[in-house]
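*Asks:* One predicted model, sequence on top.
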Amino acid sequence: MEQGANKSSEQGASDAATEPDAAGETLRVQPWLLPYRNPLDYNVGREFFRTLPRAPGIYKMRDETGVILYVGKAKSLKARLNSYRQAKPGTVSRKVLRLLRRVRSIEIERQPGEAEALLRENELLRELRPPYNSANTSPESYFFLSLRTILLPSGACEARLRLTTDPRRRNGEVLYGAFKGRASVREGYFALLRMFWASQREREERFSVPARLLGRRIPPVMTLPIPQDWIPALKRFLQGSSAGLLVQMSEDILSNDAIPPFAYGMIQQDLETLRLFFERVTQRNRLLRLRYRIPGRLIPQELIDDLLVLERHGGPRELLDLEAE
C-alpha cells in the first residue's frame, strides 16, 4: 500500500509540473503547494453568481475603491460571469488571474440583445478605458490615408501619400478612412509605396528598394512619381469601389524590362497584400458607409467599431442613433 501511495504521489507531482499551452505544447510550470482557490467566491460572494440572469448584457468589474478594472459583454450574464469562477492557473492567462484577485464587486446592465450589449460595451470602453481592456478603447489611433496628386511642369505626375490618425485635411488632400486594423493598413501603405517606386524604374538604374520602404517605421509622408494613368484607378481603389488598380499595376510593372526577375516575388507579394488591403479595409469601409448610410466620404474613428458590430450581428441602423443623410 505504501509503495502504491508513493507511486501515486510521484505521478501527481509529475502531472502538476506540466501543462499544455494554447499551441498544444507542453510547458513546465511550478506546482501549487496548496489547492488554488478562486477569489471571486469570497470577494464577490456566491449569492451574486446564483442570482445572475440568463440574459445578454454588459458587466463592470471594480476594485476595492470602486475603480472599474474591466468591462465585458455577454450573451448570457449568468454563464459568462460564472465561467470566471472556474478560472485557475493553466486555464486562463496570468493577466486574467491578476484581474480576478483585484475584483471586489461586479455591476451588470441587462440589454435587449447581443448587438445592443456590444454597442454598450464599445461606448463604455471608449469612455472609461479600463486598465484590463485593450481592444476598442482607442479609436483615435485608427488610420486615415490621404492622397494628393501633383502634376509637374514636365507633364510627369507625383502622388503624395500620408498615413495619419488626424482627421483634419490639409490643402489639396483627399482623405480616406477611418480604417481599423493598424497592421493591415500599415502593410497596405508600404506595399502601395513600393509599387509606386517600382513603376518608375528604368533599365540603367540599379534595382534596390530604398531602406525606408522596407523597414517597420512608417514614413509620415511620402511623395513618389506615379504613372498619370494610374490616378483614377488609385482613387477608386482607396474609395473601395474597384480593385482595377492591381491589374493595371501588374501589367505595367511586370512588363517593364527594367524590373529584374528576382524582384518578381516581392512584387507579387505586394500585389497580394494590396488585394487583402482592398477587401478587408477599403472595400469593407465603402460597404459599411453604403449599408448604414453614413454621410460623407469618411467614417468617424469613434463609429467604426459600432458599425462592425452591426455588420457581424445584423443590428439595425437605428441603434446608432444617426441622422439620415
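*Replies:* Structure received.
*Asks:* contacts, neighbours, all on C-alpha from now
*Replies:* Noted.
*Asks:* Tell me where this protein is predicted with low confidence.
*Replies:* 1-34, 201-208, 211, 215-216, 315, 321-325 (pLDDT under 70).
*Asks:* Using the record's assignment, carve it into domains.
*Replies:* 23-128, 141-320 (automatic domain parsing).
*Asks:* In a markdown table, list these along with mean neighbour count and distance to A135.
*Replies:* Below are these laid out as a markdown table (neighbours: other CA atoms under 10 Å; distance: least, CA to CA, whole Å):
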| stretch | mean neighbour count | distance to A135 |
| --- | --- | --- |
| domain 23-128 | 16 | 8 |
| domain 141-320 | 16 | 10 |
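*Asks:* hang on, isn't W197 packed against P227?
*Replies:* No. Using CA atoms under 8 Å, W197 is not in contact with P227, being 10.5 Å away.
*Asks:* how about the helices in the chain?
*Replies:* Ranges of helices in the chain, per DSSP state H, are 2-16, 40-43, 46-50, 77-85, 94-102, 114-128, 182-199, 231-239, 244-254, 264-277, 283-291, 301-313.
*Asks:* TSV for these, including distance to L320?
*Replies:* Shown next, in TSV, are those (distance: least, CA to CA, whole Å):
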stretch	distance to L320
helix 2-16	50
helix 40-43	35
helix 46-50	32
helix 77-85	23
helix 94-102	31
helix 114-128	8
helix 182-199	24
helix 231-239	23
helix 244-254	33
helix 264-277	26
helix 283-291	13
helix 301-313	8
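*Asks:* closest one to Y176 among those?
*Replies:* helix 231-239 (6.6 Å; CA to CA).
*Asks:* by contact count, what packs against the closest one?
*Replies:* With contacts taken as 3 or more CA pairs under 8 Å, 6 or more residues apart in numbering; DSSP states H and E, helix 231-239 sits against helix 244-254.
*Asks:* go with 10 Å
*Replies:* Applying 3 or more CA pairs under 10 Å, 6 or more residues apart in numbering; DSSP states H and E, one finds that helix 231-239 contacts strand 143-151, strand 157-164, strand 174-179, helix 244-254, helix 264-277, helix 283-291.
*Asks:* Figure out which of these is closest to P220.
*Replies:* strand 157-164 (5.9 Å).
*Asks:* Note down every partner strand of that closest one and its orientation.
*Replies:* The strands beside strand 157-164 in its sheet (DSSP bridges) come out as strand 143-151 (antiparallel), strand 221-225 (antiparallel).
*Asks:* For the residue nearest to the spatial centre of the chain, give me its contacts.
*Replies:* With distances taken as CA atoms, centre = their mean, G181 lies nearest the centre of the chain, 4.0 Å away. G181 makes contacts with 141-143, 277, 280-281, as judged by CA atoms under 10 Å, 6 or more residues apart in numbering.
*Asks:* Likewise for R101?
*Replies:* Going by CA under 10 Å, 6+ apart, the list of residues near R101 reads 38-40, 43, 63.
*Asks:* With R37 instead?
*Replies:* 85-88.
*Asks:* for S83, same thing?
*Replies:* Counted by CA under 10 Å, 6+ apart, S83 has contacts L77.
*Asks:* How about M222?
*Replies:* 159-163, 193, 212-213.
*Asks:* will you turn those residues into JSON lines that also has distance to E114?
*Replies:* What follows is the contacts of M222, written out as JSON lines (distance: CA to CA, whole Å):
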{"residue": "A159", "distance to E114": "44"}
{"residue": "R160", "distance to E114": "43"}
{"residue": "L161", "distance to E114": "39"}
{"residue": "R162", "distance to E114": "37"}
{"residue": "L163", "distance to E114": "34"}
{"residue": "L193", "distance to E114": "41"}
{"residue": "R212", "distance to E114": "45"}
{"residue": "L213", "distance to E114": "43"}
